[in-house]
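Participant: please work out how this folds:
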Amino acid sequence: MTIGDFSRAVRMTAKALRFYHQNDILVPAVVDPYNGYRMYSPNQISDAQIVRTLRDLHVPIHSIKEVLTSTDVAVRTQMLALHLETMERQLADTQLAVQNLRDILTPTDAPVEILYRSIPETRAVAISEVIDLPDLPGWFRQSTSKLQRVAAQTDRASTGGYGGVWPNELISGGRGLATVFFTVDDAFTERAFGDGAALVELPAVELAVAVHDGPEETAPNVYAALGEHVARHELGTGGPVREAYIQGFRTIDPRTVTEVGWPILRVVH
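Facilitator: Predicted structure coming up:
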C-alpha cells in the first residue's frame, strides 16, 4: 500500500506516518532506496489503529513504542495503568486549578478569620537543618516521620502537638534553617532521642493566626490573606512563620488543618 492509501485506511496524515517512521513506531514494510517512497503492508493497519487510539489518549511516544514491541500482556497492562494514573493526577490538578480560578472570579463574602496568639517560651523536641528550598518537601516528609518515631517512644502525657518554624530566608532566599517539632511539658528533661532530634526552647512570640483547612493547594490563599492583614493592620517583625499541625501534615496528607502564625509586634489589645 502506498503511503496515501495507507493514510486513508488508518485515518492518519502522511506527515504523522512519517513521524512514526522516524521514531521507529510504524516502520514501512518497504522504503524505496532510490526515491524514498514508503510502502506499507495491510497487516500494519491494526498496529496503526492502536497507535492512533493511544495518541488520542495522550500516551507518550516512548510508551507507545514499548506497548507495540512488548509481547508480555502483563507488561503492556502495567504501562497503560501507569499512564492512567498520570492522567488522573493531571485531571485532578486541572480541576483544582479550574476551581481556584472560579473562586477568583467569584470571590466569597466570607474573609479568612484572623486571630491572635501570645505564645510563651515553649519546650519542644525538634529536628532542624539548613536546607535548600527545592529540598523542603522531601526533608519535611522524612523529618516528620522521624519525629513521629521519637514521639512514639516518649511518654504521651508529656507531649503536645506538632509544628514547624519557617524563616523568611528559606522562602525568599531559597536557603535557610527549617525546623519541625513537637511540644513537651516544662518538666521534660534532656535525653538521647536519635534521628537527629534534640530538646530545644522555642522563643516566646506574638502571632497573627489564620487556619487552613483543606488540601495543600489552597494553603497559599490563607498565607496571602494573613500577609495582607498584617501589612495593613499590624507591625510585622520579620521573624519566622510558625505552623501548628492540628490535623495531618501539610504537603503529606491529602487534607489537613494547619494553624499558620505570622509574627507581629502588637501595640493594641
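
Participant: all strands for the stretch 51-200 of the chain, in order.
Facilitator: Using DSSP state E, counting those that start in this stretch, the strands of the stretch 51-200 of the chain run over residues 115-119, 122-132, 159-166, 175-184, 198-202.

Participant: of these, which is nearest I61?
Facilitator: With C-beta to C-beta, the closest approach to I61 among the strands of the stretch 51-200 of the chain belongs to strand 122-132: 33.5 Å. All C-beta atoms are positioned from the backbone trio N, CA, C, and that covers glycine.

Participant: mean confidence score for the closest one?
Facilitator: Average pLDDT, strand 122-132: 95.

Participant: what's the angle from that strand to strand 175-184?
Facilitator: Using axes from the mean of the first three to the mean of the last three C-alpha atoms, to 10 degrees, the inter-axis angle of strand 122-132 relative to strand 175-184 is 160 degrees.

Participant: got the end-to-end distance for stretch 4-15?
Facilitator: End-to-end distance for stretch 4-15: 11 Å, by C-alpha to C-alpha, to the nearest Å.

Participant: pull the residues that contact that stretch.
Facilitator: Contact partners of stretch 4-15, identified using C-beta atoms under 8 Å, 6 or more residues apart in numbering, comprise 1, 3, 17, 40, 42, 44-45, 48-49, 51-52.

Participant: kindly indicate which of those lies nearest L136.
Facilitator: When those are ranked by distance to L136 (C-beta to C-beta), V51 comes first, at 41.1 Å.

Participant: how about that closest one, what does it touch?
Facilitator: Contacts of V51 (C-beta under 8 Å, 6+ apart): 12, 20, 25-26, 64, 68.

Participant: also A208?
Facilitator: By C-beta under 8 Å, 6+ apart, the neighbours of A208 are 114-116, 226, 229-230, 234, 261-262, 264.

Participant: pull out the buried members of those.
Facilitator: Burial by neighbour count, judged by 16 or more other C-beta atoms under 10 Å, picks out 114, 226, 229-230, 234, 261-262, 264 from these.

Participant: so which of these would you say is closest to I252?
Facilitator: For those, the nearest to I252 is G261 (19.6 Å; C-beta to C-beta).

Participant: that's a strand at the closest one, yeah?
Facilitator: Yes: looking at G261 with DSSP: H, G, I helix; E, B strand; the rest coil, it is inside a strand.

Participant: wait, isn't it in contact with E243?
Facilitator: Yes: applying C-beta atoms under 8 Å, one finds G261 in contact with E243, separated by 7.1 Å.

Participant: R250 is nearest to which of the strands of the stretch 51-200 of the chain?
Facilitator: Going by C-beta to C-beta, the one of the strands of the stretch 51-200 of the chain nearest R250 is strand 159-166, 8.2 Å.

Participant: got a pLDDT number for the residue of the chain most remote from its centre?
Facilitator: Of all residues in the chain, Y34 has its C-alpha farthest from the mean position, at 53.5 Å, by C-alpha atoms, centre = their mean. Note on Y34: pLDDT of 86.

Participant: quick one: it is in a strand?
Facilitator: No: Y34: not assigned to a strand; according to three-state DSSP it is coil.

Participant: which residues touch it?
Facilitator: Taking C-beta under 8 Å, 6+ apart, we find Y34 in contact with no residue.

Participant: so which helix or strand takes in T251?
Facilitator: Assigned by DSSP states H and E, T251 belongs to no helix or strand.

Participant: tell me the pLDDT of it.
Facilitator: 84.

Participant: repeat for G138
Facilitator: Looking at G138, its pLDDT is 94.

Participant: and it, how far from T94?
Facilitator: Distance, G138 to T94, using C-beta to C-beta, to the nearest Å: 25 Å.

Participant: hang on, the earlier thing: roughly how far apart are the residue farthest from the centre of the chain and P28?
Facilitator: Counting by C-beta to C-beta, the gap from Y34 to P28 is 15 Å.

Participant: just checking, what packs against the helix or strand of the chain with the lowest mean pLDDT?
Facilitator: Ranked by mean pLDDT, DSSP states H and E, the weakest helix or strand in the chain is helix 73-105, scoring a mean of 81. The elements that helix 73-105 packs onto, with contact taken as 3 or more C-beta pairs under 8 Å, 6 or more residues apart in numbering; DSSP states H and E, are helix 61-69.
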